[in-house]
Every structure is written in C-alpha cells, then in structure tokens.
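Student: my questions concern the predicted model and sequence given below.
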Number of protein chains: 2
Amino acid sequence: MNSDLAMLTNSAFFADLSRKAAAALSQSVTLKSFREDDMIFREGEPARFFCVVLRGFVKLSKACENGRIASVRVCEPGDVFAECMLRAGPDYAYSAEAAEDCTLALFDLDTVRALAEDDRSIDMAVMHVMSRNLLSTLNCIAEDRLHTAPQRLASYLLQTAQNDRKPAGFRLPFRKSLLAAKLGLTPEGLSRAFALLKDHGIAVQGRTIRIENSEALRGL
Amino acid sequence: MNSDLAMLTNSAFFADLSRKAAAALSQSVTLKSFREDDMIFREGEPARFFCVVLRGFVKLSKACENGRIASVRVCEPGDVFAECMLRAGPDYAYSAEAAEDCTLALFDLDTVRALAEDDRSIDMAVMHVMSRNLLSTLNCIAEDRLHTAPQRLASYLLQTAQNDRKPAGFRLPFRKSLLAAKLGLTPEGLSRAFALLKDHGIAVQGRTIRIENSEALRGL
DNA sequence: CAAACCATTTGATGAAGATCAAAGAGGCTT
DNA sequence: AAGCCTCTTTGATCTTCATCAAATGGTTTG
C-alpha cells in the first residue's frame, strides 16, 4: 500500500540514509502483512531479515526451558527490530509475534550487509537505531527494578499523553493485555494498577484515558 | 602498563578492527585508572568518551527522581560500554562507577567518529559490540521477568563455572554485593539465594564456590 | 436478539523479595 | 595477636505481585 511506503520513508531508520541508500533499500525491501498472533520469526531460527514496523504492533519475547514466556519489547509503527542480527547471530535471539494485524518492511540481512559495503549511511542508520534500542532497553531494566507497577504505568501514561499532545484525554494505542506485556505485568496486575491510579488523577473508560491531575500522577 | 595494552588489543572490540584502525585507535586511546567507588562519568553529563574495561569491574546505573539507584549492568575486563554514545546522546544515559580499582581505555567520541569516516572496520567493530550488548541486555530483562533470585544465581554460577572450565570449584571474580547488583538483587536477597542453593548442589565458602551437583542446579 | 467469545476486572491466596535491624565473619592495621 | 572496619548473613516483618478462579462487560456471529 502507498501509505506503508510513506511510513517507511518517514521512519527514523530512513532519515539517516543517503538518497542512494534509501533508493537501494527501497528496491530490496519486502512488505509483508501478518495476522494477529502470527509468528514473524522464532527464537533460535536462522536470522534472515530485520524489520521496520509500518502498521500494527509487534511483541518480542523470549522463552525459558520450562516453557514460560516473557515479552521483552513491544514495537510500534516506525520501530526497527532485529537489526542487531546484522552483526550478531546467526540465530534470532528472541521471537517476534504480531500483537495485532500488522504490516512490516522486511530487509534481507545479506542484501543489507552487501549494500552497506558501498554506502556508509546504512551503517550510520543501523548504529543509530541500535543505540536507541539499547538505551531504551537499559531504561526498561532500570524502570523494572526501581518502580512498582502503578509507577511504571503512570510513567507510561504521562509519556504517551505528552507525545500525543492531548492534555485532556487519549486512547491507548492497543489492547490492555499488550500494555501489560510491555510493562512486564500480567493483565490482572495492570488492571489493579489502573484501579489504584483512579485515586491519583486518572480516569479510565475502556481504552480511553483521561489524565485529570498530572501532578498527582507524578507524585507516586 | 604493558598488560593493559595487551588486554586492549586482545579485546573483542579490537578483534574486528583493521590493522590501520587498530593502530589509529591505539594512538588516540587514553588509559586511565580509577579507585573503587570513583565515578567514571555521570548520567546526564555530556558524553565525551566510551570505554573498554582492561582491569577491574565497572557498574553502570541509573537513578530515578526520588534518588534510588538501580544498577543496569556490570562490566568485566574486555567489555565495552557507552559505545552507544557514538550515535546517541548527547548526554550519558547512565552513570559508570568503578566497582573496584580498575583500569579503562578511554576513546574520545569525536576522535573515533572522525576515524570511522575513513575506515569502515571501526563501524563494524562498534556495531558488533553494540549488538552483543543489546542482546545481553534483552536477555537480562527476560531473566529478570522469568526467573527467581535462586534461579538467576544458579544460571550465573553454571555459566561462570563453564567459562572457567573448572568443574570442581572456582572463585567469584568480585564481591558478593556486586554480584547482587548484577543480578538485580539486594545483598540480603543474594545471601538468601545462596543459602537456598546449598540444598541444591552448591557449597559456598566466602568467595569460593563448588558446584557439587550441576544436575540439581539446573533443575530449579 | 441471543449465544458465544474474548478481554478485562475483581476477589482470595500465596510466593518472592525488599527493608530494617542486628549478629557474625573476615580481612587489615597497628 | 587484638581491635577495627566492612562485608555478609540471619531474623522478622511488610509490600508487591503472580496465580487461580470466577464474575463482568463488550463484541461478534449465527
């Protein structure tokens, strides 16, 4: 679709590319749509491509021997994931799953490696997104270790509301169970966190959130 | 010191560099020693260099508004940190502190950025270590969310013992309180985890660990 | 419209870890 | 070797969160 390509060329990843590199990568990209719950790739599988999210949401997760699964990241439109497979590997270190219907841009790793030999802007773009991913992952660890569930939720809400520039109210971009995964909680845990925040300046109606008192929120 | 330089040229970071790049970087490196508890840099400060650990251990941590601090990573000799500041920033996103007396190789960010324009192997080396750092950070999140304290400790012990190739016994490379930070625990919590493992194939005597039954360990 | 389905909420309980306080154990200094 | 200082362990308590079970609510479908 046309808007998919526009999303791609407007992504943070493409912003760093030279005109030539952008053209070459656009040439070689594969756009692919996935249905909710489809696996995009699985942990342990040989890595073949990295991805830019164009539409929908993707959940990255790791499994442990006994079968339990932890989600480690939720990717939104514009986000890049598995770019680290360009220089690590050879196998995916986590699974990627469509958290809802979504469209991705897939970049073949070998092709990009080859193109990168001729155009440094590709390395620059990769390093840039990888740096951001690394910092936000470190931040996630700190958040997990320092803050309680209601605090993490409050922090997410403030940040999201700010991005949306809607001081009044806004809609969660996805299902609450996905938000729970993003925050490292069970759905029940998230629900209780919302319940608690109702006494601290937040009104919830389904996916619609209204921040009535952002001071109270910050003061947790 | 001579062995410091040897440590540097044997590091994973240098392994990817061309002869030319290795020479240029060796030229521009600053070796610096820190005393235990010295701050190497602080969160929020303008980023000036990234580091390779040559000797000793470094703790990376983030603070939150109320002053509490979470350590997000412990770096050992050979590890690289703050390399993401080459393409992110401009300020350090976490603090780095000498967890014991240590020696670091400091690389001026601007200098390395300039050198990287002429030699792609620098970008490759940076991407390589950054990829590894990103994957191990994601792994840390999964570990935190999936495993209990004794399980994380067991996992660390098995991995460390394996690296050391000493099926019998080995010494922890650092103070237990630092191990606690690495595993995201309080010192008390780590102590209790050790106590619990004593019933599961582990003998502890100060810093000396003996794995008496690695099967029992795995079966937590 | 009713039925079925799925997401979310609520309740009750349990386990894991943090925290505070104090005792024990090394290791170093003198 | 005695004393001191710091690290580590242990005990008691409290908070947080996961888990299991069941109720509620909203949406889709026949």
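Tutor: Nice, I can see it.
Student: check what pLDDT residue A:66 gets.
Tutor: Note on residue A:66: pLDDT of 85.
Student: again, but for residue A:1
Tutor: Here, the pLDDT recorded for residue A:1 equals 69.
Student: which one is the residue of chain A found nearest DNA strand D nearest to, not counting chain neighbours?
Tutor: Residue nearest to DNA strand D within chain A: residue A:189 (2.8 Å; C-beta to the nearest atom of the strand). (C-beta placed from N, C-alpha, C; glycine too.) Distances taken as C-beta to C-beta, 6 or more residues apart in numbering or on different chains place residue A:149 nearest to residue A:189, at 5.5 Å, with adjacent residues excluded.
Student: measure the one you found to chain B for me?
Tutor: Distance of residue A:149 to chain B, given as C-beta to the nearest C-beta, to the nearest Å: 13 Å.
Student: ok so, going back, helices or strands next to the helix or strand containing the residue of chain A closest to DNA strand D in the packing?
Tutor: Per DSSP states H and E: residue A:189 is located in helix A:187-197. When contacts are defined as 3 or more C-beta pairs under 8 Å, 6 or more residues apart in numbering or on different chains; DSSP states H and E, helix A:187-197 packs onto helix A:149-164, helix A:176-183, strand A:202-205.
Student: one more time with 10 Å, if that's ok
Tutor: Counting by 3 or more C-beta pairs under 10 Å, 6 or more residues apart in numbering or on different chains; DSSP states H and E, the packing neighbours recorded for helix A:187-197 are helix A:149-164, helix A:176-183, strand A:202-205, strand A:208-211.
Student: what are the contacting residues of the third one?
Tutor: With C-beta atoms under 10 Å, 6 or more residues apart in numbering or on different chains as the test, strand A:202-205 has contacts from A:150, A:153-154, A:157, A:169, A:171-172, A:176, A:191, A:193-198, A:209-214, A:216-217.
Student: kindly report the same for the last one.
Tutor: Identification of contacts with strand A:208-211 by C-beta under 10 Å, 6+ apart yields A:154, A:157-158, A:160-162, A:166-172, A:194, A:197, A:201-204, A:217.
Student: OK, contacts around the residue nearest to residue A:189?
Tutor: Contact partners of residue A:149, counting by C-beta under 10 Å, 6+ apart, are A:180, A:183, A:184, A:185, A:186, A:189, A:190, A:192, A:193, A:194, A:196.
Student: same for DNA strand C: which of these are within range?
Tutor: Checked against DNA strand C using C-beta under 7 Å from any atom of the strand, these give the following subset in range: A:190, A:192, A:194.
Student: ok, of those residues, which come out buried?
Tutor: A:190, A:194 (16 or more other C-beta atoms under 10 Å in any protein chain shown).
Student: tell me which residues form a beta bridge with the spatially most central residue of chain A?
Tutor: With distances taken as C-alpha atoms, centre = their mean, the residue of chain A nearest its centroid is residue A:75 (1.5 Å). In this entry, residue A:75 is beta-bridged to residue A:58, by DSSP bridges.
Student: and for residue A:83, the neighbour number?
Tutor: Taking other C-beta atoms under 10 Å in any protein chain shown as the neighbour definition, residue A:83 ends up with a count of 25.
Student: for the closest residue to it other than its chain neighbours, give me phi and psi.
Tutor: Spatial nearest neighbour of residue A:83, chain neighbours left out: residue A:50 (4.6 Å); criterion: C-beta to C-beta, 6+ apart. Note on residue A:50: its backbone torsions stand at phi -120, psi 170 [degrees, to the nearest 10].
Student: is it true that residue A:50 touches residue A:81?
Tutor: Yes - in terms of C-beta atoms under 10 Å, residue A:50 counts as a neighbour of residue A:81; the distance is 6.9 Å.
Student: what residues does chain A put near DNA strand D?
Tutor: With C-beta under 7 Å from any atom of the strand as the criterion, chain A meets DNA strand D at residues A:68, A:147, A:148, A:149, A:150, A:184, A:185, A:186, A:188, A:189, A:193, A:206.
Student: buried ones among those residues?
Tutor: For the residues of chain A next to DNA strand D, buried by 16+ other C-beta under 10 Å: A:147, A:149, A:150, A:184, A:185, A:193.
Student: ok so, going back, quickly list what's touching both of residue A:50 and residue A:81.
Tutor: Counting by C-beta under 10 Å, 6+ apart, the common neighbours of residue A:50 and residue A:81 are A:104, A:129.
Student: which one's the longest helix in chain A?
Tutor: Counting residues, the longest helix found in chain A (DSSP state H) is helix A:120-146.
Student: next, the buried residues of it.
Tutor: By neighbour count with 16+ other C-beta under 10 Å, helix A:120-146 contains the buried residues A:122-135, A:137-138, A:140-146.
Student: relative to helix A:149-164, how tilted is the helix holding residue A:189?
Tutor: 80 degrees (axes from the mean of the first three to the mean of the last three C-alpha atoms, to 10 degrees).
Student: average pLDDT for helix A:187-197?
Tutor: 96.
Student: any chance you could list what contacts that helix?
Tutor: Taking C-beta under 10 Å, 6+ apart as the rule, helix A:187-197 contacts A:148-154, A:156-157, A:175-186, A:202-204, A:209, A:211, A:216-217, A:220.
Student: circling back: near chain B at all, the longest helix of chain A?
Tutor: Yes - legend: contact between helix A:120-146 and chain B by C-beta under 10 Å from any C-beta of the partner chain is shown at A:120, A:122-146.
Student: pull the distance from that helix to the chain's centre.
Tutor: 11 Å (C-alpha atoms, centre = their mean, to the nearest Å).
Student: okay, the angle between that helix and helix B:120-146?
Tutor: Using the same axes, to 10 degrees: helix A:120-146 against helix B:120-146 is 20 degrees.
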